[in-house]
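Q: Provide a 3D model corresponding to the input given below.
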Amino acid sequence: MNLIVVESPNKAKTIQSYIGNSSNWKTIATKGYIVDLPKNEMGVYQEGKKISGKWVYQTGKKQLIEEIKKYVKNGGTIFVATDDDREGEKIAFDIFEKLEVDKMQNVPSKELSLEKSQKIQLCSQLKMQERLISLQLMQQ
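A: Below you'll find the predicted structure:
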């Protein structure tokens, strides 16, 4: 099963309506940042010229990452379709970093439409065909 991750619950519902109730696709929303600086301490440190931050999960986001990991374990591709702004880039970066996988694609959400959703489905089907062809070639 493939997964499309967006920021907004409304956007997730809209995209899911484009895709339909396919057993191969699901859409979920992050509802904002995955990690942030801690609320009860400074969270930013400097050692010489190096600046680093202490990042902690936002409430409920560790469970979200665990849910996304389930799709990865089952062989699905993750399409991260966050907004094309600083917040969206940070959310996408955090998802890529926390999952540590190579089966993700970043799709700017302003490109998501019924036509784009259909292209993603077609692209996924084409990748499947390539795998079948490769398997057949290996058997020969």
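
Q: Show me the strands in this structure, by range?
A: Taking DSSP state E as the test, the strands found in the chain are 2-6, 25-29, 35-36, 44-47, 50-53, 56-57, 78-80, 104-106.

Q: Those: which one's closest to residue 98?
A: Closest to residue 98 of the strands of the chain, according to C-beta to C-beta: strand 35-36, at 7.8 Å. Every residue, glycine included, has its C-beta placed from N, CA and C.

Q: Pairing partners for the closest one, with directions?
A: Paired neighbours of strand 35-36 in the sheet (DSSP bridges): strand 56-57 (antiparallel).

Q: can you redo the strands of the chain as JSON lines with distance to residue 70, mean pLDDT and mean neighbour count?
A: Formatted as JSON lines, these follow (distance: least, C-beta to C-beta, whole Å; pLDDT from 0 to 100; neighbours: other C-beta atoms under 10 Å):
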{"stretch": "strand 2-6", "distance to residue 70": "9", "mean pLDDT": "87", "mean neighbour count": "24"}
{"stretch": "strand 25-29", "distance to residue 70": "11", "mean pLDDT": "90", "mean neighbour count": "19"}
{"stretch": "strand 35-36", "distance to residue 70": "20", "mean pLDDT": "88", "mean neighbour count": "18"}
{"stretch": "strand 44-47", "distance to residue 70": "33", "mean pLDDT": "86", "mean neighbour count": "9"}
{"stretch": "strand 50-53", "distance to residue 70": "28", "mean pLDDT": "83", "mean neighbour count": "10"}
{"stretch": "strand 56-57", "distance to residue 70": "17", "mean pLDDT": "92", "mean neighbour count": "16"}
{"stretch": "strand 78-80", "distance to residue 70": "11", "mean pLDDT": "83", "mean neighbour count": "23"}
{"stretch": "strand 104-106", "distance to residue 70": "14", "mean pLDDT": "60", "mean neighbour count": "16"}
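
Q: mind checking which of those is nearest residue 71?
A: Proximity to residue 71, assessed across the strands of the chain by C-beta to C-beta, is greatest for strand 2-6 (4.4 Å).

Q: about what we covered before: got the strands of the chain as a markdown table, with distance to residue 15 columns?
A: Below are the strands of the chain laid out as a markdown table (distance: least, C-beta to C-beta, whole Å):
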| stretch | distance to residue 15 |
| --- | --- |
| strand 2-6 | 6 |
| strand 25-29 | 5 |
| strand 35-36 | 24 |
| strand 44-47 | 36 |
| strand 50-53 | 32 |
| strand 56-57 | 25 |
| strand 78-80 | 10 |
| strand 104-106 | 15 |
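
Q: Lovely, talk soon.
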